[in-house]
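> Here's my sequence, what's the structure:
(one chain, ligands or ions: 1)
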Amino acid sequence: GSLGTHEEYTVVPPHIGYKKVLVTGGAGFIGSHVAEFLLARGDDVVIVDEMNDYYDLSLKRANLALLREAYPDETRLKIYEGDICDENLMQEIFEVESPHWVCHLAARAGVRPSIQDPYVYIHSNIKGTTLLLELSAKFGVKNFVFASSSSVYGGSKSTYFSEDEVVDNPVSPYAASKKACELFAYTYHHLYNLNVSGLRFFTVYGPRGRPDMAPFKFIDRISRGLEIQKFGDGSSSRDYTYISDIVDGVVRAIDRPYPYQIFNLGKGSGTSLNEFIDIVQKETGNKALIKQMPDQPGDVPYTCASCEKAHRLLGYKSQVSFGDGIRRTVEWYNQAYIKNTIEVCPERQANGLGRAP
Ligand code: NAD
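Coordinates of the predicted model:
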């Protein structure tokens, strides 16, 4: 690709040893798992998260409570509540905490809401990322790893999305904001020699997964005997990636600084919507009530990651099959929502996601 560098052919040995990592969006789905992994292996973690109510806030509170309970010591885990676009707060965090490693996962996610309100995406995703890049360059961060998205490929018809061969085609404000993050990251690498890796995640699911995403929605609604909306004829296919695979890829990227790289992180094979519904029916033991819907604007009909580059340069290889991943997610769902170990807040009720009967 035009932004590739020839360093890409040099495989970097992992940086082993203690790190203090700033994890933005650490109260969220992927961020809380990454933080948990880093803490477990002995790194220290600083989280910044604004705790917005884009989805059920009680889930984010539960994520933080879980981490705090396991790591009560503030020198191991420090939590800041605030907006990554708040210059004073972020400057203070870099001054006080001196994190030399940044894992930037905070963002406004979701494709469809970005069509309704693009400006919040420009704020959190583009401005937020740029401020973090600025501070990371200024404070000598050793490696800046951030979340991009498979959505930057957009409506591309390729069988496999490969980072340096498939031309980007962002078809939603969300996708455009992620592409903009990649461009700004390149610029800051170029200007200040900041090491940056952008990770294009392919639909991530698993325990603590986002209630606005299909895997959670389908498990939730099929478990409770509620109707699910099926967009299109069910032949559309996506690459669904289990959370532990994503955490592995993120941590591999943190440990191996490259000057500038974009990596796909996915499972590397697609699952059709029809197969997906079948597997959720099997794992929940319930029959799905299906409401047929037309295709959605902004949605991508087909996503499948080529993970060859992540394999070559990071040693990444997805381990968890879709069936196993859904089974583990259903187990978590039953614990959290059927046994009610997560407090339900009004937002969840408002979203029609109230407690299972
Ligand atoms: P998430 O919504 O669970 O986590 C994001 C967190 O960032 C939230 O806790 C939110 O409160 C926080 N946040 C948002 N804007 C902020 C701001 N301005 N300041 C401080 N905190 C802010 O989402 P996730 O699924 O864990 O996604 C993590 C990252 O991965 C995001 O960048 C997302 O775009 C990207 N991504 C996710 C997927 C997926 O399938 N889950 C796919 C592709 C990319």
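> Get me the contact residues on this structure for the ligand.
Listed as neighbours of the ligand in the chain under the rule Cβ under 6 Å from any ligand atom: 25, 27-31, 48-52, 54, 60, 83-85, 105-109, 124, 128, 147, 149, 201, 203-204, 210. In short, each C-beta sits where N, CA and C put it, glycine included.
> Just the buried residues from those residues, in ChimeraX please.
Typed into ChimeraX, the next command selects the buried ones out of those (criterion: 16 or more other Cβ atoms under 10 Å):
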select :25,27,28,29,30,31,48,49,50,54,60,83,84,85,105,106,107,108,109,124,128,147,149,201,203,204,210
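> contact partners of the helix or strand where residue 179 lies?
Assigned by DSSP states H and E, residue 179 belongs to helix 173-192. If you take Cβ atoms under 8 Å, 6 or more residues apart in numbering as the criterion, helix 173-192 is touched by 3, 107-111, 114-115, 118, 121-122, 125-126, 129-130, 133-134, 136-137, 144, 146-149, 151-152, 154, 168, 170, 194-196, 198, 200, 259-260, 262.
> Tell me which other helices or strands the helix or strand following it touches.
Sequence order places strand 196-201 as the next helix or strand after helix 173-192, per DSSP H and E. Here strand 196-201 touches strand 143-149, helix 173-192, helix 243-255, strand 260-265, going by 3 or more Cβ pairs under 8 Å, 6 or more residues apart in numbering; DSSP states H and E.
> how much space between residue 137 and the ligand?
Distance, residue 137 to the ligand, by Cβ to the nearest ligand atom, to the nearest Å: 19 Å.
> The nearest residue to that residue once chain neighbours are set aside - how many residues pack around it?
Distances taken as Cβ to Cβ, 6 or more residues apart in numbering put residue 192 closest to residue 137, at 3.8 Å, once the chain neighbours are dropped. For residue 192, the neighbour count with other Cβ atoms under 10 Å is 14.
> my read is residue 16 is in a strand, agree?
No. With DSSP: H, G, I helix; E, B strand; the rest coil as the criterion, residue 16 is coil rather than part of a strand.
> Surely it touches residue 256?
No. Between residue 16 and residue 256 there is no contact under Cβ atoms under 8 Å: 10.6 Å.
> higher neighbour count, those two?
Remark: of residue 16 and residue 256, residue 256 carries more neighbours, 20 against 7, as counted by other Cβ under 10 Å.
> residue contacts, that one?
Contacts of residue 256 (Cβ under 8 Å, 6+ apart): 12, 13, 14, 15, 313, 314.
> Dihedrals phi and psi, the fifth one?
In this case it means residue 313. Main-chain dihedrals, residue 313, degrees, to the nearest 10: phi -90, psi -20.
> which one is it nearest to, not counting chain neighbours?
Closest to residue 313 by Cβ to Cβ, 6+ apart is residue 11, at 5.8 Å.
> is residue 260 in a bridge, and if so with what?
Note on residue 260: beta-bridge partners by DSSP bridges are residue 196.
> That one: neighbour count?
A total of 23 residues lie near residue 260 under the criterion other Cβ under 10 Å.
> what stretches of this structure score poorly on pLDDT?
Scanning the chain for pLDDT under 70 picks out 1-9, 159, 297-300, 340-357.
> rerun at 50
Applying pLDDT under 50 to the chain picks out residues 1-2, 344-357.
> just the helices in it please.
29-40, 57-70, 87-97, 112-116, 118-121, 128-138, 173-192, 214-223, 243-255, 273-284, 308-314, 322-333, 346-350 (DSSP state H).
> Noted, bye for now.
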